[in-house]
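>>> From the sequence below, what's the structure:
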Amino acid sequence: MMVDEPRIDEGGTSSGNLQLMSRSTYFKETALKNIFLLCAFVAVMGVALIFLFVGWRGWPLMADIGLGSFLGGAEWNPTSALYGILPLIWGSVVVMAGALALGTPLAVGTAIFLSEIATPRVRSIVRPAVELLAGIPSVIFGFFGLIVLRPLIANATGGLGFGAVTAWFILAIMIVPTIATLTEDALNSIPPGIREASYAMGATPWQTIYKVLVPAAKIGILDAIILGMGRAIGETMAVLMVVGNAPVFPQGVTVPLSTLTSQIVMDMPYAAGDHRTALFGMAIVLFVVSMGLVALVRLIARFQTSMDRGR
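Predicted structure coming up:
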């Protein structure tokens, strides 16, 4: 900010114009504002165009056979013009639920350890290791599940080793960075005075954690779990390599099954006509689920904000 110093005359009065901002600075500020507005516009338009493209390519079949038949059909057999995706939806739900059941306690426990228990030296080792998990390509997790976990599960169950259980272990590890990082942020956002008040009343560190800190951060933890859910349901390559890719209702957690994402990847290279349109219809379902999860996170955040204002 540039200010022209006023001139003082003999009578002690000031003369001259007080310039709060130079013209060049004004133009720079305006240009930066427009650039940032353009970035936001491009991001929103990108999402909108993707949704319109997927919807335009996938809706014709859904309108032809009926939304109920598409979502509720019990058989996926494109060669016989059967495009029911209910087995694939069920497979996605089973894989996601098991991954959350295994990964959430691990991730939340890791976050509590890093935030409340670990020494700075231990924290400097564990946190980068957790963050590194987020940077490992999913295909590497898939190779690990295919080469290491699948034979172990096959020996333990007497089957092939493909199925929901193998995917659970892989996805549980993959969602740890997402849930752990956001949960740690939620715990660190709690004012230190709450911890001090708990200790002043005679609570032990463990009592402070599970009776004070975790309840206080429950909204943030729930947001983290929902985002981890989106990570699990949208994973493709790792799941593709370990579930067995059988588009039927699974008779157990140790038999092959298929998910929406894995079936799209499997069929897209050779699909044509209604088959290809059906795959775009499956993409619409995934898109709607993702938007629903994001909307749920936003609603929870608004609910938390309204509660904080009410206090």
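
>>> Which residue ranges of the stretch 101-250 of the chain form strands?
Ranges of strands within the stretch 101-250 of the chain: none, based on DSSP state E, counting those that start in this stretch.

>>> Could you pull out the helices in it for me?
Assigned by DSSP state H, counting those that start in this stretch, the helices in the stretch 101-250 of the chain fall at 120-135, 138-144, 150-157, 164-174, 176-188, 192-200, 205-208, 214-216, 218-234, 237-242.

>>> Among these, which comes closest to residue 102?
helix 164-174 (3.8 Å; Cβ to Cβ). For every residue, glycine as well, the C-beta is placed using N, CA and C.

>>> from the middle of its chain, how far away would that closest one be?
How far helix 164-174 lies from its chain's middle: 16 Å, per Cα atoms, centre = their mean, to the nearest Å.

>>> Same check on stretch 47-66?
The mean C-alpha position of stretch 47-66 is separated from the chain mean by 23 Å, Cα atoms, centre = their mean.

>>> Kindly report the same for stretch 80-94.
23 Å.

>>> Give me the average confidence score over that stretch.
Across stretch 80-94, pLDDT averages out at 90.

>>> Okay, buried residues for that stretch please.
Using 16 or more other Cβ atoms under 10 Å as the test for burial, stretch 80-94 gives 83-92, 94.

>>> rewinding a little: and the helices of the stretch 101-250 of the chain: which comes nearest residue 33?
Residue 33 lies closest to helix 176-188 among the helices of the stretch 101-250 of the chain, at 29.2 Å (Cβ to Cβ).

>>> Give me the buried positions along that closest one.
Neighbour-count burial for helix 176-188 [16+ other Cβ under 10 Å]: 176-184, 186-187.

>>> Spatially central residue in this structure, please.
Geometric centre of the chain, nearest residue: residue 227, 3.5 Å, by Cα atoms, centre = their mean.

>>> doesn't residue 297 make contact with that residue?
Yes - Residue 227 is within contact range of residue 297, at 6.5 Å (criterion: Cβ atoms under 8 Å).

>>> count of neighbours near residue 24?
9 (other Cβ atoms under 10 Å).

>>> So for it, what pLDDT did the model give?
Confidence score, pLDDT, at residue 24: 80.

>>> so it is in which element?
Using DSSP states H and E, the element containing residue 24 is helix 23-65.

>>> ok, residues contacting the helix or strand just after that helix?
Downstream of helix 23-65, the next assigned helix or strand under DSSP H and E is helix 67-72. By Cβ atoms under 8 Å, 6 or more residues apart in numbering, the residues outside helix 67-72 that reach it are 61-62, 83-86, 89, 278, 281, 285.

>>> Would you confirm that residue 245 contacts residue 261?
No - using Cβ under 8 Å, residue 245 is not in contact with residue 261, being 10.9 Å away.

>>> what's the neighbour count on the nearest residue to residue 222 once chain neighbours are set aside?
Nearest residue to residue 222, sequence neighbours excluded (Cβ to Cβ, 6 or more residues apart in numbering): residue 300, at 6.1 Å. Using other Cβ under 10 Å, residue 300 has 15 neighbouring residues.

>>> Relative to residue 176, how far out is residue 300?
From residue 300 across to residue 176, the span is 21 Å (Cβ to Cβ, to the nearest Å).

>>> Check residue 114 too.
Taken as Cβ to Cβ, the span from residue 114 to residue 176 is 12 Å.
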